[in-house]
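1. Here is my input; please provide its structure:
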Amino acid sequence: MGLHTSRQRGHNRRTAFAAITATTAALFAASISPAEADTTFISPFPRDNVYRVFVFGDAYGPGLFQGLRTGMKVDTDVRVENHAVANSRLARPRPVNWPALIKKKADATPFDIAVLTFGVSDRVSMRVDGRRVAVGTPAWRDAYRNRVAATIRAARSGNAAVYWLGLPVMRGPRTNADTRTINAIAREQVFRLGGKYIDTSDGFSTADGSFSPYGPDLSGQTRRLRTKDGVYMTGRGYRKFAHYVERLIRRDLTIARAERDVPLAGDVNEQAQVHRLAKRGTRSDSTETAAARRSEAARRRDQNARAMAAAGDHKAEHATVRVTLPAKSGASNSRRVVQLRIVRPPLPAVVVGHIRRRGSRATSARLGRNLIGISPKDGAGYVNSIASGLDASGNAFASRVSVTQSPYYRALIKGETLRPRAGRTDDFTWPPQDRAPLPSNPGS
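-> A predicted model of the protein is given here:
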């Protein structure tokens, strides 16, 4: 009787975990917008085949624009525009209300990339609930956090890719402390709202992280990068400052262009929309050429269909789980039965073939183990995938070790201190345990 009850409880726990995980996954998938589900950070299909880059900022903005325009001038499909206002502040709505201005520009002239830098002029008090609050106080942090979040949302309103450049190290201790506070708030909101935060402090400081007015420029020569006030930059400094975001944009543009060049499994007209074949002239668009392209497209479709048929698609499989939950306190009935629908979509043959290749003996890579748990804060279920070095080696011993007894689970999840093997370099027991003798030196 006791064994039967233990097995039944284990089955109920596993069923509840599966139901909670499936429900959490469904809610998470429903919360992702189509823009966030794109495979690239920058849209592969810009308007008029030109990427419009808008620079927004305060006193650092004009210098950032000049440096970025210089760096991106070799890209013919990239247009950098200056929308920074040097005498503005994000902390105060006058003379510029930045969230409203960015939203207005996004509605009037949509842009693909937004580069933002704010904070150098925001070391001022803010008005909260009719009273002035000093920089760095909890009320100031909350108010500034809301301004930063509203600015990022306005920049992302047109599905633009957002890059936020953090401020470099400042010379004055008080100014540098305020700068770190502003950077921390900006980093938090950028990560939360789906942008990319760029840390620039290492390019304008010494090896120990302190302020330095000099440093290597883009050519590698030691030059003066900061002005005498210890806050603003020289022309070479702004060029280096802009290079931080320039190299990141170039990398993301390369990914976006590669995504754009993927051939579609459609007809000739659909292919022409991607590769711009219609603009190459009527001579190359002759009837014979169009017929040859149609024939080649049909041949590829037939070849793909035969390959998928050979691999075999997996049809959709759904399941229904009934979970018994305890009733709320004070209710008349003691239990409640909840019915959950677990949906598994169909798997195309190309995905099935990829999984089979990953799981074959020819490769040593293995999928990580899935660890299921429940958040103690809100009770939401989650799945964490972990791959250890033992798993990656393909050792058969890995399949015989329980997940909770594996070294990486005990050390990283449970926080246990693993006992070293006797004689290993991390064995600090005293007196020393038995160790293998060192090899003798034949030359001695």
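2. can you give me the helices in the chain?
-> 2-31, 61-72, 98-108, 138-155, 173-192, 235-260, 268-275, 287-311, 349-359, 389-393, 407-408 (DSSP state H).
3. what stretches of the stretch 101-250 of the chain score poorly on pLDDT?
-> Filtered on pLDDT under 70, the stretch 101-250 of the chain yields no residues whatsoever.
4. I misspoke; the intended subject was the stretch 301-444 of the chain.
-> Ranges of the stretch 301-444 of the chain meeting pLDDT under 70: 304-313, 327-334, 349-405, 408, 433-444.
5. again, 80 this time
-> 301-317, 321, 323-336, 343-444 (pLDDT under 80).
6. Give me the distance between Arg171 and Lys73.
-> Separation of Arg171 from Lys73 (CB to CB, to the nearest Å): 32 Å. From N, CA and C alone the C-beta is placed, and that goes for glycine too.
7. quick one, which of the two is more surrounded?
-> Arg171 (15 against 10; other CB atoms under 10 Å).
8. The closest residue to the more buried one other than its chain neighbours: what's it in contact with?
-> Among residues not flanking Arg171 along the chain, Gly230 sits closest, at 2.7 Å (CB to CB, 6 or more residues apart in numbering). Going by CB atoms under 8 Å, 6 or more residues apart in numbering, Gly230 touches 170-172, 175, 211, 213.
9. rerun that using 10 Å as the cut-off
-> Each residue near Gly230 by CB atoms under 10 Å, 6 or more residues apart in numbering is listed here: 169-172, 175-176, 211, 213.
10. now swap in Val128 and tell me
-> Shown in contact with Val128 (CB under 10 Å, 6+ apart): 137, 139-140, 142-144, 146.
11. Kindly report the same for Pro62.
-> Here Pro62 is in contact with 55, 82, 84-86, 238 (CB under 10 Å, 6+ apart).
12. can you rerun that using 8 Å?
-> So, once contact is read as CB under 8 Å, 6+ apart, Pro62 ends up touching 82, 84, 86.
13. Could you export the contacts of Gly230 as TSV, including distance to Val321?
-> Converted to TSV, the contacts of Gly230 look like this (distance: CB to CB, whole Å):
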residue	distance to Val321
Val169	55
Met170	58
Arg171	62
Gly172	62
Thr175	59
Asn176	56
Phe211	60
Pro213	65
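14. Thr254: which of these is nearest?
-> Nearest to Thr254 among the contacts of Gly230, counting by CB to CB, is Val169 at 30.6 Å.
15. The closest residue in space to the closest one that isn't next to it in sequence bridge partners, please.
-> Closest residue in space to Val169, ignoring its immediate chain neighbours: Ser205 at 4.4 Å, by CB to CB, 6+ apart. Beta bridges link Ser205 to Phe211, judged by DSSP bridges.
16. and what of Ala161?
-> Beta-bridge partners, per DSSP bridges, of Ala161: Ile113.
17. That one reaches Phe111, doesn't it?
-> No. Using CB atoms under 8 Å, Ala161 is not in contact with Phe111, being 9.5 Å away.
18. ok, those two, which is more surrounded?
-> Ala161 (27 against 24).
19. Separate out the buried members of the contacts of Gly230.
-> When burial is judged by neighbour count using 16 or more other CB atoms under 10 Å, the buried members of the contacts of Gly230 are 169-170, 175-176, 211, 213.
20. which among the residues you listed gets closest to Arg299?
-> Closest to Arg299, out of all of the buried ones among the contacts of Gly230 and judged by CB to CB, is Val169, at 60.6 Å.
21. can you pull the contacts of that closest one?
-> Contacts of Val169 (CB under 8 Å, 6+ apart): 176, 179, 201, 204-205, 209-212.
22. As a markdown table, those with distance to Pro93 would be great.
-> Shown next, in a markdown table, are the contacts of Val169 (distance: CB to CB, whole Å):
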| residue | distance to Pro93 |
| --- | --- |
| Asn176 | 26 |
| Thr179 | 22 |
| Ser201 | 29 |
| Phe204 | 30 |
| Ser205 | 33 |
| Gly209 | 34 |
| Ser210 | 35 |
| Phe211 | 31 |
| Ser212 | 35 |
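23. Pull up the gap between Ala319 and Thr109, please.
-> 50 Å.
24. same thing with Asp252?
-> From Asp252 to Thr109 the distance is 21 Å (CB to CB).
25. So which of those two has more stuff around it?
-> Asp252 (17 against 13).
26. so Asp112 sits right up against Tyr51, yeah?
-> Yes. Between Asp112 and Tyr51 a contact is recorded at 4.8 Å, counting by CB under 8 Å.
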